[in-house]
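1. any chance you can model this:
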Amino acid sequence: MKLLFLAGLCMIAIGATPATATAAAAPGQDARWRQHAAHVHISRDNWGIAHIYGKSDADAVFGMMYAQAEDDFNRIERNYLNGLGWLAQAEGESAIYSDLRERLFIDAATLQQQYRRSPTWLKTLMIAWSDGLNYYLSKHANVAPKVIHHFEPWMALSFTEGSIGGDVESVDLAKLEKFYGQPAPPTAKNSQPFVPEENPGGSNGFAIAPSRSASGHAMLWINPHTSYYFRSELQVVSEQGLNVYGAVTWGQFFVYQGFNPHNGWMHTSYGGDAIDEYAENLVKKPAGLYYKYGAGLRKLKVTRITIPFKRADGHGTRIFTVYHSHHGPIVRAENGKWIAVKLLVDPVPALSQSYLRTKTRDYATFRKTQDMRTDTSNNTVYADANGTIAYFHGNFIPKRDTAFDFTHPVDGSNPATEWQGPHAVEDTITLLNPSNGWLFNSNNWPFSAAGDQSPKRGNYPRYMWIKGENPRGPHAVEVLHDIHNVTLDSLIAAGYDGHLTAFDVLLPPLFAGFDALPAADPQRAALGEAIAALRDWNRRTSADSVPTAVAIFWGQELVERKGAEARDAEEPVYDYLVDKVTDAERLTALSAALEKLQRDFGRWQIPWGEISRFQRLTDDIVQPHDDARPSLPVGFAPSLWGALASFDWSKPRKTKKIYGSTGNSFVAAVDFGPTIHAKALMSGGESGDPASPHFTDQALMFSQGRFRDVLFYPEDVRAHAERSYQP
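-> Down below sits the predicted model:
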């Protein structure tokens, strides 16, 4: 595909007078900007999705960043403020400890050194990355960055993987603040254990083998569950072989979840354990703080970190004295010991793996990128045009001595607890072309990934998976087990199947508890109608279903009442609700749920879609919601209850109606034939600008699960182009 041909896409001349620069060009930059811009064409289709065509990969990256900035510069800047530990400069004191957490692992000087040592090809792309953003700022004087007025190439190394929450975010902020927020770090006993999150989110990936598809091609279901508007959808193409489509986390120059003409990949979280905590035994000496290691002592590294932050009267700073053992930074105290966190921080190989993945052509080349072993938080569901389907449970997984329980802090003084290098990929939990013809992951353990062809639990050390089963696991097996002659539409239907499998388990004990009530118990009269509705319910979520609303409000009431106990028991909240709730607690929670429905909506007999709504009002990172403003009914449900198409909300809710904020975001179904066929959907719309027609043009479709065709080939893009231009 030649640039001269692509120039034919240009329907509207550039024409606009350049705005006053807000990002001044350093010597030599201006000429480089102009050269990149001359080698890039951007075509926006009728959904506002950018298709970027560049002569070189660097040109394409330049155009990719320019196009992302057009759509939502605010989210780009925020991601890098977060990654660099500079967020408090924009958001004030509330972000100080978030910045401190980041800066315990990442610092600008080290990133600059790593940038200088990067391979030439990657350095070229990082320069193009910063050029695209700075060129955008130079052309848009009306855009006011909060902090970063000029992007430097090394900054790309601060955010290399694309997940919604990086490994650093596993460090508990409240405990970090308790440790570093006092004049001297505490060493007193702190008995609070590390606890899992109360309400896990989710993502789903399905791969379908040719034997199960109507076309005879492999197929892929890409279904990340994130906060809405967390990623952009775009296509980026170059004459150097880049041609990739999918979801890009704002500000990154690689497609995180997507496909090229040859293969596709879907990442889900909660792979193998790649983060450990070490309890350090401190010894105070006149020369400073030491910690025991083996038969001797090692000196604790002590440094200072300065966190600038925004104040109403200008800017302030907080200076922290921080501590590191050789395992990693100290993040809290527990049981009289200091806890260090060990995780992989290797940004150059990590960014390389993320980008090179997008240019792979088959399973062998994709597998080669997996051998780089820097992806620390993802599982990967894979499919390709050769008919191969595969699954990787995690990527970077350190070898450990299984005599120790790494789900809790291990003894940092014992050398036997050290990592022993990463496992080879072939030694981790993987699947390749299982004979059943399908595989999946739903952030669950891998032992149901391909039905009876799944990996066997006893063959792997416990640290090779983090999460157990969840209600979406049996749901996925249910929809995939008997699936045949799969088309894009039937794959979408499977991904949106409405069965809430959690209630298959949770409701029978509720019914038994109700049936055991004495005949004269007043709960029989008060709850009888709701119990009857739940008995008759098919346990499928829909907008017009009253029992869906009752069940979800009841389930949420149980979570609110028992969640703290589940955390104290270090048990997933769903598992705790199955095993640790009494009949009386179930019935009391149902009474409370009905009272909430009655109070907020005037009746408990209300269809779910009158409560569950989609609304997008502003360009704020965290969306405000308003019961008095227009919204759309949504029949989907939270992933906690087994929903594959997840629709969840921030808690506690501040409105009577429930407005989705997390769940299905970018979703795609792909058929890998000689010609790519795909359908996709984006929450709300592509643009972050409320004035844009593409701010909510997909909202109704999103609320109903109706997909649009992906425009992958130049002739299709040209036929549906809304405008085409050079940066």
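
2. quick check, residue 90 in a strand?
-> No: applying DSSP: H, G, I helix; E, B strand; the rest coil, one finds residue 90 to be helix, outside a strand.

3. which residue packs closest to it, ignoring adjacent ones?
-> Excluding the flanking residues, the one nearest residue 90 by C-beta to C-beta, 6 or more residues apart in numbering is residue 146, at 3.9 Å. In this view, the C-beta of every residue, glycine as well, is placed from N, C-alpha and C.

4. the one you found sits in which helix or strand?
-> Per DSSP states H and E: residue 146 is located in neither a helix nor a strand.

5. list phi and psi for it.
-> Per-residue torsions, residue 146: phi -80, psi -40 (degrees, to the nearest 10).

6. please tell me the pLDDT value assigned to it.
-> In this model, residue 146 is scored at 97, pLDDT.

7. how many residues are close by it?
-> Residues lying near residue 146 (other C-beta atoms under 10 Å) number 15.

8. residue 459 too?
-> 9.

9. can you check the pLDDT for it?
-> pLDDT, read off for residue 459, is 97.

10. and residue 245, what element?
-> strand 243-249.

11. please save the CA atoms from that strand in PDB.
-> Only the C-alpha atoms of strand 243-249 are listed here, as PDB (Å, rounded to 0.1, in the frame of the first residue of the first chain):
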ATOM      1  CA  ASN A 243      -1.500  -2.600  10.100                       C
ATOM      2  CA  VAL A 244      -3.300  -3.000  13.300                       C
ATOM      3  CA  TYR A 245      -6.800  -2.200  14.600                       C
ATOM      4  CA  GLY A 246      -8.200  -2.100  18.100                       C
ATOM      5  CA  ALA A 247      -8.200  -0.500  21.500                       C
ATOM      6  CA  VAL A 248      -5.400   1.800  22.500                       C
ATOM      7  CA  THR A 249      -5.000   3.000  26.100                       C
END
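
12. which element follows it toward the C-terminus?
-> Downstream of strand 243-249 (by DSSP H and E), the next one is strand 257-259.

13. averaged pLDDT, that following strand. What do you get?
-> Strand 257-259 shows a mean pLDDT of 98 in the predicted model.

14. who are the packing partners of the longest helix seen in the chain?
-> Counting residues, the longest helix found in the chain (DSSP state H) is helix 57-84. Applying 3 or more C-beta pairs under 8 Å, 6 or more residues apart in numbering; DSSP states H and E, we find helix 57-84 packed against helix 29-38, strand 40-45, strand 50-54, helix 88-91, helix 96-105, helix 120-139, strand 231-238, strand 243-249.

15. turn these into JSON lines, columns for mean pLDDT, distance to residue 315 and mean neighbour count.
-> Formatted as JSON lines, the helices and strands packed on helix 57-84 follow (pLDDT from 0 to 100; distance: least, C-beta to C-beta, whole Å; neighbours: other C-beta atoms under 10 Å):
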{"stretch": "helix 29-38", "mean pLDDT": "94", "distance to residue 315": "28", "mean neighbour count": "17"}
{"stretch": "strand 40-45", "mean pLDDT": "98", "distance to residue 315": "37", "mean neighbour count": "24"}
{"stretch": "strand 50-54", "mean pLDDT": "98", "distance to residue 315": "36", "mean neighbour count": "26"}
{"stretch": "helix 88-91", "mean pLDDT": "97", "distance to residue 315": "7", "mean neighbour count": "21"}
{"stretch": "helix 96-105", "mean pLDDT": "98", "distance to residue 315": "12", "mean neighbour count": "22"}
{"stretch": "helix 120-139", "mean pLDDT": "98", "distance to residue 315": "21", "mean neighbour count": "22"}
{"stretch": "strand 231-238", "mean pLDDT": "97", "distance to residue 315": "31", "mean neighbour count": "26"}
{"stretch": "strand 243-249", "mean pLDDT": "98", "distance to residue 315": "29", "mean neighbour count": "25"}
